[in-house]
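Trainee: From the sequence below, what's the structure:
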Amino acid sequence: MPEDSTTHEPDLRDADDVADLFTRAAKANLDTSGRAGAVVDLPGAGRLLMTGDLHDHAINYQRLLKLARLDDDPNNRIIFHEVIHGPDMVNGMDLSIRMLARVAALKCRYPDQVNVLQSNHELAQLRNEGILKEGRDTIKSFNDGIDFMFGYKAETVRDAMNAYLVSLPLAVRCANGIFASHSIPSNSRMRRFDPTIIDRVPTRQDLSEKSDVYHMVWGRNQKQSTADTLAQAWGCKQFVMGHQPADMGFEPIQDTMLVLASNHNHGVALPIDLSRTYNQEQLIESIVPLASIVL
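Mentor: This next block holds a predicted model:
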């Protein structure tokens with residue numbers, strides 16, 4: 001593929017280059033083929049690689065790219081979510097904006113093959129809403145990293161990054177009945193949850209604290225009744241998500257929900273044939289341990 005403004009690797013030390021990258025990636029998110037509102041609908045053909053939370057795991061990111069084989073076929077696709085806020089600090093600073101930028105660059109290069117979903121950590125970063133992780137304020141550490149990397153142009157990068165985060169879809173819906181999202185609402189929210197939130201591009205109000213988007217990306221410990229209600233509303237059968245703990249890389253929830261994790265040594269990915277249907281057991285049988293991918 002010839003190198004041009006949409007395919008070149010960004011200079012992650014250059015504030016203007018990174019800001020431009022996030023601006024282009026935001027447009028690519030909104031212009032994605034099959035996107036309507038906050039959901040991207042995929043056709044019933046091709047191959048999708050679903051991932052779990054990444055949290056700046058650089059080696060697993062490279063393994064995922066190798067497994068996705070995006071250059072082999074334009075019908076090969078991959079979904080990323082929760083790519084920021086990893087465990088590794090540099091003098092107390094989180095530099096995972098570099099991973100956010102790399103994934104945004106991938107979106108620009110493969111606009112209809114790569115989708116990046118809204119997640120609770122990206123939403124918290126957008127809202128500047130602190131998340132304590134192992135006694136550390138992840139939002140402050142991330143902001144300190146931006147300030148360190150880009151100096152007096154840090155706000156230029158932050159503004160472009162925030163516009164990119166606003167543009168992220170909430171879900172990818174496959175024609176075979178699989179619904180990929182970072183999470184779905186907890187049971188206690190369902191009486192007040194509006195499932196039509198996925199039918200429109202989220203506004204800043206939609207992304208506010210305690211909104212339906214907020215409760216969707218923060219939801220945990222769902223019951224089967226929640227999945228059944230949303231499956232009917234959203235026209236799907238199986239939910240593949242992240243967000244919740246999965247120490248061995250995956251964790252089934254009830255009968256139609258499956259949690260994946262891609263951010264540790266037991267991390268996994270899930271290749272999905274978009275032309276066939278799956279039950280939960282068949283999805284689990286298809287899971288690939290990322291440690292098995294030789295770089």
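Trainee: which stretches of the stretch 51-200 of the chain form helices?
Mentor: Under the criterion DSSP state H, counting those that start in this stretch, the stretch 51-200 of the chain carries helices at the ranges 58-68, 97-109, 120-127, 138-150, 154-167.
Trainee: Switch these over to TSV; also include distance to Gly235.
Mentor: Quick note: C-beta positions are derived from backbone N, CA and C, even for glycine. Output for the helices of the stretch 51-200 of the chain, formatted as TSV (distance: least, C-beta to C-beta, whole Å):
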stretch	distance to Gly235
helix 58-68	26
helix 97-109	25
helix 120-127	25
helix 138-150	35
helix 154-167	24
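Trainee: got those as JSON lines, with mean pLDDT and mean neighbour count columns?
Mentor: Shown next, in JSON lines, are the helices of the stretch 51-200 of the chain (pLDDT from 0 to 100; neighbours: other C-beta atoms under 10 Å):
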{"stretch": "helix 58-68", "mean pLDDT": "98", "mean neighbour count": "18"}
{"stretch": "helix 97-109", "mean pLDDT": "97", "mean neighbour count": "22"}
{"stretch": "helix 120-127", "mean pLDDT": "96", "mean neighbour count": "22"}
{"stretch": "helix 138-150", "mean pLDDT": "97", "mean neighbour count": "19"}
{"stretch": "helix 154-167", "mean pLDDT": "98", "mean neighbour count": "20"}
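Trainee: To Gln244, which of the ones you listed lies closest?
Mentor: Taking C-beta to C-beta, helix 120-127 is the member of those nearest to Gln244, at 10.8 Å.
Trainee: who touches the closest one?
Mentor: 55, 81-85, 129-131, 138-139, 142, 162, 165-166, 168, 182-183, 207-209, 213-214, 217-218, 243 (C-beta atoms under 8 Å, 6 or more residues apart in numbering).
Trainee: about what we covered before: so for Met190, which of the helices of the stretch 51-200 of the chain sits nearest?
Mentor: Nearest to Met190, of all those, is helix 120-127, at 17.8 Å by C-beta to C-beta.
Trainee: mind listing what the most centrally placed residue in the chain touches?
Mentor: Centroid-nearest residue in the chain: His81, 1.6 Å away (criterion: C-alpha atoms, centre = their mean). By C-beta under 8 Å, 6+ apart, the residues touching His81 are 51-54, 116-119, 122, 182, 242.
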